[in-house]
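> Just a sequence and a predicted model for now, questions to come.
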Amino acid sequence: MELVSVLLNRAWRLTGLSDKRSRRMEEKALEVYDVIRTIRDPEKPNTLEELDVVTEKCVEVQELGDDEYLIIIRFSPTVPHCSLATLIGLCLQVKLQRCLPFKHKLEIYITEGTHSTEEDINKQINDKERVAAAMENPNLREMVEQCVTEPDD
């Protein structure tokens with residue numbers, strides 16, 4: 001199996017498919033970043049981009065199949081004990097689910113070493129049932145809406 005993979009990689013490089021594919025993944029990653037960079041911080045009047053909570057480098061896109069992609073986001077809370085890191089993760093989930101025009105699977109993580117309870121928060125923000133339950137809470141839903149709504153919406 002490994003030999004097949006090596007041969008395919010060589011063939012892709014020779015035909016230029018590898019470059020086209022990686023360029024397409026970079027374009028998808030920028031498309032994702034454009035969606036999340038304008039999310040507002042729950043406590044501050046700034047966007048996640050302005051606070052360096054998200055950057056272009058924090059978005060990774062992998063192709064899963066025909067027009068289906070795995071999106072991996074690694075965000076960095078402003079402080080290691082940020083009490084709203086879970087809410088930021090929820091905002092990322094909601095905005096991407098609403099705004100991306102292509103089929104995708106989504107994984108959101110706190111950048112390793114940037115939060116004191118990153119492991120627990122990572123589990124929460126990637127659990128579909130917990131995300132759905134959180135969005136049923138009217139107060140939490142209102143906070144998410146305030147963060148993900150564009151200023152001109």
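Cool, the structure landed. Numbers count the residues shown, from 1 in each chain.

> Quickly find the element holding Q124.
helix 118-125 (DSSP states H and E).

> Now tell me what touches that helix from outside.
85-86, 89-90, 92-93, 108-112, 115, 130-131 (CB atoms under 8 Å, 6 or more residues apart in numbering). Yep, even glycine has a C-beta here, placed from its N, CA and C like the rest.

> give me that answer again for 7 Å
A85, T86, G89, L90, Q93, I108, Y109, I110, E112, H115, R130 (CB atoms under 7 Å, 6 or more residues apart in numbering).

> which among these end up buried?
Buried subset of these (neighbour count, 16 or more other CB atoms under 10 Å): A85, T86, G89, L90, Q93, I108, Y109, I110, H115.

> okay, the helix holding Q124 in PDB with CA atoms only?
C-alpha atoms of helix 118-125 as PDB (Å, rounded to 0.1, in the frame of the first residue of the first chain):
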ATOM      1  CA  GLU A 118      -7.600  23.000  26.100                       C
ATOM      2  CA  GLU A 119      -8.300  19.200  26.100                       C
ATOM      3  CA  ASP A 120     -11.700  19.600  27.700                       C
ATOM      4  CA  ILE A 121     -12.700  22.500  25.500                       C
ATOM      5  CA  ASN A 122     -11.600  20.700  22.400                       C
ATOM      6  CA  LYS A 123     -13.900  17.800  23.300                       C
ATOM      7  CA  GLN A 124     -16.800  20.200  23.900                       C
ATOM      8  CA  ILE A 125     -16.500  22.200  20.700                       C
END
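
> Let me know the next secondary structure element after that helix.
Next along from helix 118-125, by DSSP H and E: helix 128-136.

> Buried residues, the longest helix along the chain. List them.
Assignment by DSSP state H gives helix 17-36 as the longest helix of the chain. Buried positions in helix 17-36, judged by neighbour count with 16+ other CB under 10 Å: K28, A29, E31, V32, Y33, V35, I36.

> Contacts only, for the second one.
This means A29. V59, E60, V61.

> Name the nearest of those residues relative to F75.
Of all the contacts of A29, F75 sits closest to V59, with 9.6 Å by CB to CB.

> Which strand residues bridge the closest one?
Here V59 sits in beta bridges with I73, as judged by DSSP bridges.
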